[in-house]
Structure formats: structure tokens, C-alpha cells
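# need a structure here:
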Amino acid sequence: MNDINRRRMLQGLLALGGASVLNVPGVYAQAEKLVITTYGGSWEKFWKEIFLPALTDETGIDPQLDIGLGSVYTTNMRAAGVENPPYGCLMTNEIYATVLRDEGYFEKLDLAQLPNYADLYPVATEASEGYAAVGLISPIGIGYRTDMIQTPPKSWKDLWEMPELQGRLGLYNIKNSAGKMFLMLASKLYGSGITDLETGFAKLAELGPVYQTDFNMSTGLATGEIAVAPFDFGEIARLRNQGLPVDCIIPEEGLMMWDQTFNICTNTPAREQAYQYLNFVLSPAGQELLMREFFVSPVNKKVEVPAELLKNVPVSGEAMEQFIKWDWDLMNSNAEEISRRWNQIFGA
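Next comes the predicted model:
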């Protein structure tokens, strides 16, 4: 769509609906304003009050912020089509980004416009083959109540093999990418690899009843309904700072993680600004802001975790090599059957 047609479309929408139609992300994009994404709650507050002001000070860019979830962003992208993306730079989990990337919604990154890309750890770049960069990593280890467990776990296998943990386990359900990772983890630990789902499901069935959640594991740990669960270190840090007796360990076999993948949308009219935004996200300044707010592991090698944050951000440097690689294409292509079998074992 050329500039004249963009302006005509925008004028027509304004005539029909007034200024309120500008709440639609796609219209912002057609107006050639950079539209970016984040989540609600503390994420929205941080982006509005800290991250975007810092971006504006650094670059002069003042983006429009759209709040949602990966499933919503995917729907919005498909509704708009590849030619008219509603966003300039999309942040979402890799499980969603993988699908949209395969459908042509993201361009291969122009690294000449991303000087900070060269300073990233491999875990932040290798999965997407040059089409994206992981801007936030929340490492997931084994979190537990120190007042409820006498012998701290050391291994993912301990969730199966330590009698003290039986019947006290929490898991993210299959709607959450952490549930899918746990299935692949069981397949890797006890089978021929992460794609050996038959073995994975068989091992999950051996766990017996578990506490399930699609998002908030902290409540179960805080109330004592569970004593141990896959947990991201940032959330354990927040619980510890609130006075709860908790800790989190890096398992011997490696770490899971929640990733936030940043993608430049194909045909965005705000392409130059989208690259400036992403370069700031990946910069030492941007990474330090994110680390201090969310206790995420910095993806830029130039960022050192200060001594006062080491307990809350224990995964950095050489430890960034301990993340397990996943097969999201496998999970997405078999999503319905995987959900059915998970729910058959644990209940919906």
C-alpha cells in the first residue's frame, strides 16, 4: 500500500468513526506511528512509566503501546494480513512467534540496524535463524519452600524420584508454554529425546495428582498447597523479598525459560523506528532496566549482574549456556492431541 492510499484509508476511518478508531493498533500502523506490544499489569506500568520514557530520551521515539497476550496478537496479525501489520515490533513468546514467522509476518533482521545484536548470548538468537532476538529471558528452575522440604532438590528427576516431593508438586498446565516444556523435558530425561512424547506422557502419569495452574504458581506455594514446582527465578525473588521462605535451584540437566521474542513485522511503515526500538531493548541500558524490574537474565553480554542482585538474578555469564532447546513446531503441529493427552492424565 503506497503513502497516498494509507492516508486515504486513515481519513476514511476517521470520517466513519472519529478519533476513537485510533484505538485499533492497525490504524496506528497505517498512520505510520510505531506500535509495540507488552502485557498488562506490572508490565504495562513499567513500560509506560520507565521503559518508554528512557527510550524516548535515548532515541526521540514515542511509540504507541498495545496491551494484550500472544494469542490476541496472533489473531490481530492474521486479521490485518501480512501487507498491513498492526504492529511495528511484536514482543511475544517464541511458541507464538514461530507460527507467525512461518506464515511470513516477520522480516529477517537487518543487522546493520541492530548494532547491539552482536553482543547477545547465543540463546537469544539461535532459535529464530536471524528473524528475531530474545529480549527477555526468565529462567525456570525448581522452586521450593525451604520450610517444607528437608532435602533440597538438585535435579529435574528428583520430582519423580524423591519420596519427600510426592503429592506436593505444582505444574503449569498445558495451556502454558511451561507445561509443554515440562512434557518435552520428561521425554528428554527418560526417553530418546524431546520428541519422544510417548515416553514423556508415560512419565507424567507416574507423578500422580498434581496442582495445576495456567499462570499463577505463587499462590499455591505461598499457601502451602504445594512445596515444589518449576518456577522462574524472578518470581521466587519477589516471594523471597516478601518474606516467604523459598529458594530456587538450577537443575543438573539444565533450565527451562520463558522467553520474550522481538520481531520486526513485514511491511511495517514504521520500520526504521521499529529497529531503533529493538536496538534499545537489546542495549546494555535497556537490558539493565529490564533486569532490575523483572529480575530477568540480561541477554547482552556487556551487562554484568551487580553483587546486590546476584541472589535474585543467578543466571548470567556462562550459566546462559544451560538452557534446554525446545521444538515448538512439534508442539504447535500436535497441539490438540497433546492437550487431550495431558488432560487425560491430569484433568483439564
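# for the rest of this, base every contact and every neighbour count on C-alpha atoms.
Fine.
# sort out which residues of the host helix or strand of R240 are buried, please.
Assignment of secondary structure by DSSP states H and E places R240 within helix 233-241. By neighbour count, and taking 16 or more other CA atoms under 10 Å as the criterion, the buried residues in helix 233-241 are 233-239.
# can I get the residues you listed in CSV including distance to T213 and pLDDT?
Converted to CSV, the buried residues of helix 233-241 look like this (distance: CA to CA, whole Å; pLDDT from 0 to 100):
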residue, distance to T213, pLDDT
F233, 17, 97
G234, 18, 96
E235, 15, 97
I236, 16, 97
A237, 20, 97
R238, 19, 96
L239, 17, 97
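# coming back round to it: for the helix holding R240, packing partners?
With contacts defined as 3 or more CA pairs under 8 Å, 6 or more residues apart in numbering; DSSP states H and E, helix 233-241 has these neighbours: strand 133-145, strand 246-249.
# mind doing that once more with 10 Å?
With contacts defined as 3 or more CA pairs under 10 Å, 6 or more residues apart in numbering; DSSP states H and E, helix 233-241 has these neighbours: strand 133-145, helix 218-223, strand 246-249, helix 284-294.
# any idea of the angle the longest one forms with helix 233-241?
Strand 133-145 and helix 233-241 meet at an angle of 40 degrees, taking axes from the mean of the first three to the mean of the last three CA atoms, to 10 degrees as the criterion.
# can you count the residues close to S42?
Residue crowding around S42 was assessed by other CA atoms under 10 Å; the count is 11.
# got the phi and psi for it?
Listed backbone geometry of S42 is phi -60, psi -30, with angles given as degrees, to the nearest 10.
# same check, this time on G170
Listed backbone geometry of G170 is phi -110, psi 140, with angles given as degrees, to the nearest 10.
# 27 is where my numbering starts, stick with that
Got it, the first residue is 27 from now on, which makes the last one we talked about G196.
# OK, contacts around it?
169-170, 235-239, 243-244, 246-247, 251-257 (CA atoms under 10 Å, 6 or more residues apart in numbering).
# count the neighbours of T100 for me.
Taking other CA under 10 Å as the criterion, the count of residues near T100 is 17.
# rewinding a little: now the buried members of the contacts of G196.
Buried members of the contacts of G196, counted by 16+ other CA under 10 Å: 169-170, 235-239, 243-244, 246-247, 252-257.
# need the distance between the two termini of stretch 169-189.
17 Å (CA to CA, to the nearest Å).
# sorry, back to before: could I get the helices and strands packed on helix 259-267 as JSON lines with distance to Y143?
As requested, those are exported to JSON lines (distance: least, CA to CA, whole Å):
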{"stretch": "strand 159-171", "distance to Y143": "8"}
{"stretch": "helix 244-249", "distance to Y143": "34"}
{"stretch": "strand 272-275", "distance to Y143": "29"}
{"stretch": "helix 310-320", "distance to Y143": "11"}
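# so which residues of this structure form strands?
With DSSP state E, the ranges of strands along the chain come out as 61-64, 90-93, 115-118, 159-171, 196-198, 237-239, 254-258, 272-275, 282-290.
# deepest in the core, which of the helices and strands packed on helix 259-267 is it.
Most buried of the helices and strands packed on helix 259-267 by mean neighbour count (mean count of other CA atoms under 10 Å) is strand 159-171; its value is a mean of 26.
# report the angle between that strand and strand 282-290.
Taking the same axes, to 10 degrees, one finds that strand 159-171 is oriented at 160 degrees with respect to strand 282-290.
# how distant is strand 159-171 from the center of its chain?
On the basis of CA atoms, centre = their mean, to the nearest Å, the separation between the geometric centre of strand 159-171 and that of its chain is 9 Å.
# now it: average pLDDT?
Averaging pLDDT along strand 159-171 yields 98.
# who are the packing partners of it?
The contact analysis (3+ CA pairs under 10 Å, 6+ apart) places strand 159-171 against strand 115-118, helix 244-249, strand 254-258, helix 259-267, strand 272-275, strand 282-290, helix 297-308, helix 310-320.
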